[in-house]
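In: Take a look and give me a structure for this.
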Amino acid sequence: MYKCPRCTADLKTIRYEGVDIETCPICEGEWLDADELAQIIQRVEHSFSREEIGAMDRARQRVFRVTHGGQERLDCPKCPGQKLTPFNYASTSGIILDKCPNCGGIWLDRGELEMVQVLVEEWSGYVRHEERRPDIASRVVEEEAKRTPAGKVKGRVGFVAAVLRWFS
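Out: Predicted coordinates for the structure are as follows:
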């Protein structure tokens with residue numbers, strides 16, 4: 001049985017979106033073994049409303065401001081003596097998770113798993129929406145493609161930068 005890295009309570013196994021994960025009954029954090037996060041985000045059993053997405057986004061921004069920088073190093077519940085390494089999920093999301101460099105397991109504090117799911121759902125929606133861009137967006141992408149060496153805008157950040165340049 002694993003112990004919670006936050007409050008040392010015994011973790012309980014639950015089924016979440018078709019995957020068995022461990023959760024803390026006290027602090028409500030969650031431990032996912034290697035590859036379980038990928039399994040959860042690939043399987044969409046619950047869609048989030050615009051209001052839920054907005055609330056999660058606001059919470060994600062608050063968490064990023066509070067935890068980015070010096071963060072407590074937690075002990076891995078699975079590997080005795082191993083410290084978890086904090087990382088920013090998807091590089092720039094502002095969702096700071098903790099991963100074991102030894103077993104690959106991930107600790108998510110209360111609400112972070114839902115934040116990751118919202119982020120992935122939001123990104124998936126963006127990709128689907130990108131195929132149906134309005135005319136101005138198409139023109140922005142065409143203009144930006146002329147400026148980039150590869151001839152195309154790369155990803156959401158590149159698209160947003162292109163829009164900002166278009167209006168400046």
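
In: which residues in the chain form strands?
Out: With DSSP state E as the criterion, the chain has strands at 12-16, 19-23, 30-32, 85-88, 96-99, 106-108.

In: and the ones you listed as a markdown table, adding mean neighbour count, distance to Val118 and mean pLDDT?
Out: For glycine as for every other residue, the C-beta is placed from the backbone atoms N, C-alpha and C. Output for the strands of the chain, formatted as a markdown table (neighbours: other CB atoms under 10 Å; distance: least, CB to CB, whole Å; pLDDT from 0 to 100):
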| stretch | mean neighbour count | distance to Val118 | mean pLDDT |
| --- | --- | --- | --- |
| strand 12-16 | 13 | 15 | 96 |
| strand 19-23 | 19 | 18 | 97 |
| strand 30-32 | 24 | 15 | 98 |
| strand 85-88 | 15 | 16 | 92 |
| strand 96-99 | 21 | 14 | 94 |
| strand 106-108 | 24 | 13 | 97 |
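
In: Quick one: those strands as CSV, columns for distance to Met1 too.
Out: Below are these laid out as CSV (distance: least, CB to CB, whole Å):
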stretch, distance to Met1
strand 12-16, 9
strand 19-23, 9
strand 30-32, 11
strand 85-88, 24
strand 96-99, 20
strand 106-108, 16
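
In: what's the closest of these to Gln42?
Out: strand 19-23 (10.1 Å; CB to CB).

In: This protein: helices as residue ranges?
Out: Remark: helices assigned in the chain by DSSP state H are 36-42, 50-67, 112-130, 135-147, 155-167.

In: Let's test this: mean pLDDT of the third one, rounded?
Out: The average pLDDT within helix 112-130 is 72.

In: remind me which residues of the chain are low pLDDT?
Out: Filtered on pLDDT under 70, the chain yields the residue ranges 44-50, 52-71, 124-168.

In: Which residue ranges make up each domain of it?
Out: The chain is divided into the following domains under automatic domain parsing: 12-129, 133-167.

In: shouldn't Asp35 be in contact with Gly104?
Out: Yes: assessed by CB atoms under 8 Å, Asp35 is found in contact with Gly104 at 7.5 Å.

In: Report the beta-bridge partners for Val19.
Out: Following DSSP bridges, Val19 is listed with bridge partners Tyr16.

In: How far does stretch 23-31 stretch from one end to the other?
Out: 6 Å (CA to CA, to the nearest Å).
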